[in-house]
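Asks: missing the sequence, but the structure's below:
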Ligand SMILES: [Zn+2]
Ligand SMILES: [Zn+2]
């Protein structure tokens, strides 16, 4: 559909990025007007860090705030008590734009990953997009998804398994970084699991032949993984810790347990690695006469960045939101800054719908998960940058609602990306 706006293409302006300049200004000024209110919410979260699945205060704060703005809010959604969903619409439309808000902190370190800023930028996007929808009666829906337990626990994995994001057209969010900005986060697919070996206890000196040694089994598995490590891709990694492997040397251990972590370039590569790892555990169990059980944690898929959305985000940043070209990395930049080795459960969203998780610099001197990043995440500077990122996401969200051709491009890029990864999706 098309809507017309006053001032479109007038006043001899340079060409607008996507939306007409009147509309980008309206969005930016709505967000700027809400800045001090958003700063209050930001600091409330930053000052009261809550770890995974315990984010009661942040969930209450944000869900009540959206309710007060007239949004339709539900808490305890998609399998998690501290998750929420807030929806806004002024007229029915075909497309739904989702913004994810994270708000979990790290044990001991507080908001050292800056998830208070993710919440802030997402609320900013919600404020900007809804102001434009109200003003121009733009059809469609904006959803804010409160997504707990990113650090560990795979909140979005759980929510996705309960049907979250199925009715969305795109999913957008941000993350703070120490000293660079880019619309494209590069993460690895990651899967942790626990192995439990069950053997048979026996007197180690009097009747060792009666025993089945679970300690031996886990050591064999540990060593098997070490040998496999020689034959895996440079982009893959395997980490292991043995947690328990017996109590006393005069008893054959009947139980052993360890935690293991696999990472790979993307989800299909991770699945291939997993199929090489499982027989190592089965083999170790068979060789020792033990049995083994593997308990798979939340899968963190790699983030598939939608370059059509990323490109539009960059253009808004440079043309409309005052960021200098040299201060935002090209989405295809392959420098070390552009290639992070961590994982994000946003990857799971990016396999359900097209999306981006844009990164913005907060001028921190150290990486996330450090005390200095925690400090930087509470500054005015970081707040302003969260708003700027939130503005860009508000604008690309409105592009999705308003511009059918643009959305078709976004969607077809994503369908291709999923086909390349062997995932069947609805076109
Ligand atoms: Zn983190
Ligand atoms: Zn984080």
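Replies: That came through, no problem. These numbers come from a predicted model, not from an experiment. Ligands and ions are numbered 1, 2, ... in the order given.

Asks: give me the phi and psi for the most centrally placed residue in the chain.
Replies: Nearest to the geometric centre of the chain sits residue 346, at 2.5 Å (CA atoms, centre = their mean). For residue 346, the backbone dihedrals are phi -60, psi -30 (criterion: degrees, to the nearest 10).

Asks: kindly report the same for residue 110.
Replies: Dihedral angles (degrees, to the nearest 10) for residue 110: phi 70, psi -140.

Asks: you'd agree the residue nearest to the centre of the chain is up against residue 357?
Replies: Yes - between residue 346 and residue 357 there is a contact under CB atoms under 8 Å: 4.6 Å. Using the backbone N, CA and C atoms, a C-beta is placed for each residue, glycine as well.

Asks: common neighbours of those two, please.
Replies: 173, 185, 303 (CB atoms under 8 Å, 6 or more residues apart in numbering).

Asks: any idea of the mean pLDDT in stretch 45-60?
Replies: Computed over stretch 45-60, the mean pLDDT rounds to 98.

Asks: low-confidence ranges, the stretch 201-350 of the chain, go.
Replies: 334, 336-338 (pLDDT under 70).

Asks: so for residue 4, what's the pLDDT?
Replies: Residue 4 is assigned a predicted lDDT (pLDDT) of 44.

Asks: typo on my end, it should be residue 14
Replies: 57.

Asks: quick one, strands of this structure?
Replies: 72-75, 84-91, 96-101, 140-146, 170-177, 189-198, 237-244, 255-264, 291-300, 355-361 (DSSP state E).

Asks: distance-wise, check the residue lying closest to residue 409 once chain neighbours are set aside relative to residue 165.
Replies: Of all residues beyond its chain neighbours, the one nearest residue 409 is residue 308 (5.0 Å), with distances taken as CB to CB, 6 or more residues apart in numbering. Using CB to CB, to the nearest Å, one gets 18 Å for the distance from residue 308 to residue 165.

Asks: the two - which one has more neighbours?
Replies: Neighbour count, other CB atoms under 10 Å: between residue 308 and residue 165, residue 165 has more, with 25 against 22.

Asks: surely that one meets residue 157?
Replies: No - applying CB under 8 Å as the test, residue 165 and residue 157 come out as separate, 11.7 Å apart.

Asks: all helices in the stretch 251-400 of the chain, in order from the N-terminus.
Replies: Secondary structure of the stretch 251-400 of the chain (DSSP state H, counting those that start in this stretch): helices at 267-288, 307-319, 346-350, 371-376, 380-402.

Asks: what of the stretch 51-200 of the chain?
Replies: 56-68, 115-136, 155-161.

Asks: which one of these lies nearest to residue 388?
Replies: Of all the helices of the stretch 51-200 of the chain, it is helix 115-136 that lies closest to residue 388, at 8.3 Å by CB to CB.

Asks: for the closest one, packing partners?
Replies: Counting contacts by 3 or more CB pairs under 8 Å, 6 or more residues apart in numbering; DSSP states H and E, helix 115-136 packs against helix 21-33, helix 35-47, helix 56-68, strand 84-91, strand 96-101, strand 140-146, strand 170-177, helix 380-402.

Asks: how's this protein carved up into domains?
Replies: 21-187+303-420, 189-300 (automatic domain parsing).

Asks: just name the most buried of these.
Replies: Most buried of the domains of the chain, by mean neighbour count (mean count of other CB atoms under 10 Å): domain 21-187+303-420, with a mean of 21.

Asks: any idea how far that one is from the chain center?
Replies: 9 Å (CA atoms, centre = their mean, to the nearest Å).

Asks: could you tell me the end-to-end distance of it?
Replies: End-to-end distance of domain 21-187+303-420: 37 Å, with CA to CA, to the nearest Å as the criterion.

Asks: from residue 414, how far off is residue 308?
Replies: 9 Å.

Asks: ok, now residue 112?
Replies: Distance, residue 112 to residue 414, using CB to CB: 32 Å.

Asks: just residue 217 next, same as before
Replies: Distance from residue 217 to residue 414, by CB to CB: 44 Å.

Asks: ok so, going back, tell me the contacts of the residue nearest to the centre of the chain?
Replies: So residue 346 contacts 100, 150, 156, 171, 173, 185, 187, 303, 355, 357 (CB under 8 Å, 6+ apart).

Asks: distance to residue 351 for the helices and strands packed on helix 115-136 - can I get that in JSON lines?
Replies: Below are these laid out as JSON lines (distance: least, CB to CB, whole Å):
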{"stretch": "helix 21-33", "distance to residue 351": "29"}
{"stretch": "helix 35-47", "distance to residue 351": "28"}
{"stretch": "helix 56-68", "distance to residue 351": "25"}
{"stretch": "strand 84-91", "distance to residue 351": "20"}
{"stretch": "strand 96-101", "distance to residue 351": "14"}
{"stretch": "strand 140-146", "distance to residue 351": "16"}
{"stretch": "strand 170-177", "distance to residue 351": "10"}
{"stretch": "helix 380-402", "distance to residue 351": "18"}
